[in-house]
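below is the sequence, then the predicted model.
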Amino acid sequence: PKANSLELLNILTFDLIEELNIKGIKSFIEGHSLKELKTGLFEIYKEIIVGVKPSFSFRSIPNKTSHLAYLLPIAKSKLMDEGLFLKDISNNDLFFNPFSNEFKNRNMLVTGTTGSGKSVLVNKIVHGLVDKHPTVILDKGGSFRRLCLYHGGYNLSRGINPMQFKCPYFLREFILSVVDKDKFTKLEKGLLLKRIKSYLQDEIDLSHHGMIEYLENDFDGLSLYFEDIKDFLISDNIGINDFLYVDIENYPNSQIAPLIIYILEYFKRIADSRKILVFDECWKFLKNHGEYIDECFRTFRKTGAFPIAISQGLSDFENLGEDLYSSITNNSYFKIFFPQEYIESNDITDFDNSRIASLQYEKGKYSECYLKSTDNKIKKILRITLDPLEYELFHTESGQSENFYKFYEDHRKYFSSNKETIKSFVRLHHG
């Protein structure tokens, strides 16, 4: 019924109830005293307050906070007002900006089983930010190679010069990444640092070969450890690029640990503090460098950088030692989980595990992940969808990239840029 006054509305309602009764229809009334012209709205409101014991005979169970999802008039899902374009599980638009000033810590950890969508999401994040933020990517297997090509990044495929960065702490860690784990005791590590400082101060013509010869006065046989990688160590410096890409699978195992230590120092030297580092499943090569990695990630957190660590699961770090596990997990404000086994961790609740278990995936359409912040201010399932360009840049399906690279090699000369070449390929294949 509709009326212009409460009194008339109650009269009309009473008449309606009488008509329903005559027809044998039992009405359900929200209110206590219709005859005394009371609507009962206060009583109704009281009944839906979370935690308040109901007084109506037909309501015996108190409302829970989970019921609010059905009571509050939420028009749409919300994460942030601007940023990277994502979706929620109902396909509503979401925005995420890791460089927002509201975040004092931007370190991110992304975990999930192989093929669950980790690299696709990180590709999407970097793709949306790389034009404004210097980026370094340590790849494992080429998941980010097409993104680098599209944005005109520098693909490091040659040797490195550790003397490019004359930091004694970095140079000590670089040497420790080559020698046997038990080569140096704690005291000898202190002596090694002291001798490196002396070399940097005393010598004029600095070179890595010269430094190793200098150190051999105190550490006999040290140069023999570098025989295996001597061709990898060059005298030319690498310029500080806006986008540096390295695929560690292009290097032999003996060179990977010193290469990673070098890249971390390279990243530190980028002047812009709002920079991005992607660290893709390289952890097993850093098993003996937990303390150094911890210091690096603490520095990134303090200076406002945005490092993204990718792994198949938290257990990857546990298996590599407590130092490395703590340095990555404790320093990460954002944790993103793709489908994986039940997580046993003090930071991950049963609720979190239930959200992870509920994640959906539809091949060729979307994948889902669960975003959680350390302070629990953010707990959100995100849905990742790709447009045709993003699909060609981000997908990691085996054997699906040959046509892409062949088209690029054959047709790059006809276009003004890498971007135009790749966009042409996308138009031909997707319309």
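Thanks, I have the structure now. Numbering: from 1, shown residues only.

nearest residue to Gly128 in space, please, no chain neighbours.
Closest residue in space to Gly128, ignoring its immediate chain neighbours: Leu84 at 4.4 Å, by CB to CB, 6 or more residues apart in numbering. (Each C-beta comes from the backbone N, C-alpha and C, glycine too.)

look up how far Ile348 lies from the one you found.
Distance of Leu84 to Ile348, given as CB to CB, to the nearest Å: 24 Å.

with His127 instead?
29 Å.

now Lys335, what's its secondary structure?
Under DSSP: H, G, I helix; E, B strand; the rest coil, Lys335 falls in the strand class.

hey, what's the closest residue to Met108 other than its chain neighbours bridged with?
Distances taken as CB to CB, 6+ apart put Phe334 closest to Met108, at 4.1 Å, once the chain neighbours are dropped. Beta-bridge partners recorded for Phe334 (DSSP bridges): Met108, Ser373.

Phe334 against Asn107, yeah?
Yes - under the criterion of CB atoms under 8 Å, Phe334 makes contact with Asn107 at 7.2 Å.

rewinding a little: number of nearby residues for the residue nearest to Met108?
20 (other CB atoms under 10 Å).

could you pull out the strands for the protein?
Taking DSSP state E, the strands of the chain run over residues 84-87, 93-96, 108-111, 135-139, 154-155, 243-247, 276-280, 306-311, 334-337, 361-362, 366-373, 379-384.

now the second one, how far from the centre of its chain.
Just to be clear, that refers to strand 93-96. 15 Å (CA atoms, centre = their mean, to the nearest Å).

direction included, what does it pair up with?
Its sheet considered, strand 93-96 pairs with strand 84-87 (antiparallel) by DSSP bridges.

what is the mean pLDDT for the strand it pairs with?
Strand 84-87 shows a mean pLDDT of 90 in the predicted model.

hmm, who's touching it?
With contact meaning CB atoms under 8 Å, 6 or more residues apart in numbering, strand 84-87 is reached by 79, 93-97, 124-125, 128-129, 366, 382-385.

one more: stretch 325-332?
By CB under 8 Å, 6+ apart, the surrounding residues in contact with stretch 325-332 are 105, 107-109, 283, 290-291, 293-294, 297-298, 300-301, 309, 311, 314, 317-318, 345, 347, 374.

buried members of these into ChimeraX, please.
Buried members of the contacts of stretch 325-332, defined by 16 or more other CB atoms under 10 Å, are picked up in ChimeraX with:
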select :105,107,108,109,283,290,293,294,297,300,301,309,311,314,317,374
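
out of the contacts of stretch 325-332, list just those in helices.
Residues of those located in helices (DSSP state H): Gly290, Glu291, Ile293, Asp294, Phe297, Arg298, Phe300, Arg301, Phe317, Glu318.

tell me the one of these nearest Ser424?
Phe300 (37.6 Å; CB to CB).

can I get the ones in helices among the contacts of stretch 325-332 in a markdown table including pLDDT?
Output for these, formatted as a markdown table (pLDDT from 0 to 100):
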| residue | pLDDT |
| --- | --- |
| Gly290 | 81 |
| Glu291 | 84 |
| Ile293 | 86 |
| Asp294 | 84 |
| Phe297 | 86 |
| Arg298 | 86 |
| Phe300 | 89 |
| Arg301 | 87 |
| Phe317 | 65 |
| Glu318 | 64 |
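
Leu259: which of these is nearest?
Comparing those against Leu259 with CB to CB places Ile293 closest, at 14.3 Å.

skipping adjacent residues, who's closest to that closest one in space?
Once flanking residues are discounted, Ile293 sits nearest to Ser327: 5.1 Å by CB to CB, 6+ apart.

distance check, the one you found against Thr299.
Applying CB to CB, the value for Ser327 to Thr299 is 11 Å.

buried ones in stretch 418-431?
Neighbour-count burial for stretch 418-431 [16+ other CB under 10 Å]: Asn418, Thr421, Ile422, Lys423, Phe425, Val426.

now do stretch 353-363
Asn353, Arg355, Ile356, Leu359, Tyr361.

which of the residues in stretch 94-112 are buried?
For stretch 94-112, the neighbour count (16+ other CB under 10 Å) marks 94, 96-98, 103, 105-112 as buried.

let me fix that: stretch 381-390
Ile381, Leu382, Arg383, Ile384, Leu386, Leu389, Glu390.

could you dump these into CSV with distance to Glu341 and pLDDT added?
Below are the buried residues of stretch 381-390 laid out as CSV (distance: CB to CB, whole Å; pLDDT from 0 to 100):
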residue, distance to Glu341, pLDDT
Ile381, 18, 93
Leu382, 20, 94
Arg383, 22, 93
Ile384, 21, 93
Leu386, 26, 92
Leu389, 34, 96
Glu390, 29, 95
